[in-house]
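Participant: Structure here, sequence nowhere to be found:
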């Protein structure tokens, strides 16, 4: 199943990956990479060196790879995410081997409608708290000083 997303302001058809994608980032990729740019960072440069890859967008949570005119969505693994954060903040990017994985089943395009229906049913069954606790919920941490988040993901 595919979904229409906007990449660089253009609507494109994106499919979920079905298998892992090994990625080797060299020191040359790191030197050529651009800070805070999902299209030209070290990981994107390494992906574009792979045979058949036309373009790549590497974000903190998802990576998009264009092969044969088709965009494929991968999960950006935590080690690569950490390197991206360090790189975008002016630190060094550690060259090495990384693996891009298919996104988790619950967030795959084919399962979004299933999950939405499940949550609607769950919320109907969940008892309503008459006196909800106010103010004790922690605010989510937002990583700052890194590339912009992709709008739909």
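Facilitator: On my side now, so go ahead. These numbers come from a predicted model, not from an experiment.
Participant: C-alpha from now on. contacts and neighbour counts both.
Facilitator: Will do.
Participant: Quick check: which element contains residue 83?
Facilitator: helix 78-88 (DSSP states H and E).
Participant: quick one: the helices in this protein?
Facilitator: All helices of the chain, identified by DSSP state H, fall at 27-32, 42-49, 78-88, 112-125.
Participant: Any regions of the chain where pLDDT drops low?
Facilitator: Within the chain, the ranges that satisfy pLDDT under 70 run 1-3, 5, 105-115, 118-119, 126-137, 150-153.
Participant: Any chance you could spot the residue sitting in the middle of it?
Facilitator: Centroid check for the chain by C-alpha atoms, centre = their mean gives residue 62 as the closest residue, at 1.0 Å.
Participant: give me the number of residues near the residue nearest to residue 43 when sequence neighbours are not counted?
Facilitator: Counting by C-alpha to C-alpha, 6 or more residues apart in numbering, residue 43 lies nearest to residue 25, which is 6.3 Å off, once chain neighbours are set aside. Counted by other C-alpha atoms under 10 Å, the residues lying close to residue 25 total 20.
Participant: tell me which residues form a beta bridge with residue 25?
Facilitator: residue 96 (DSSP bridges).
Participant: Let me know whether it touches residue 93 as I believe.
Facilitator: No - taking contacts as C-alpha atoms under 8 Å, residue 25 lies outside contact range of residue 93: 9.3 Å.
Participant: what is in contact with those two at once?
Facilitator: Common contacts of residue 25 and residue 93 (C-alpha atoms under 8 Å, 6 or more residues apart in numbering): residue 42.
Participant: if we can go back for a sec, for the residue nearest to residue 43, what are its contacts?
Facilitator: Residue 25 touches 42, 43, 46, 95, 96, 97, 98, counting by C-alpha under 8 Å, 6+ apart.
Participant: Please apply the same query to residue 41.
Facilitator: Taking C-alpha under 8 Å, 6+ apart, we find residue 41 in contact with 30, 32, 33, 34, 35, 58.
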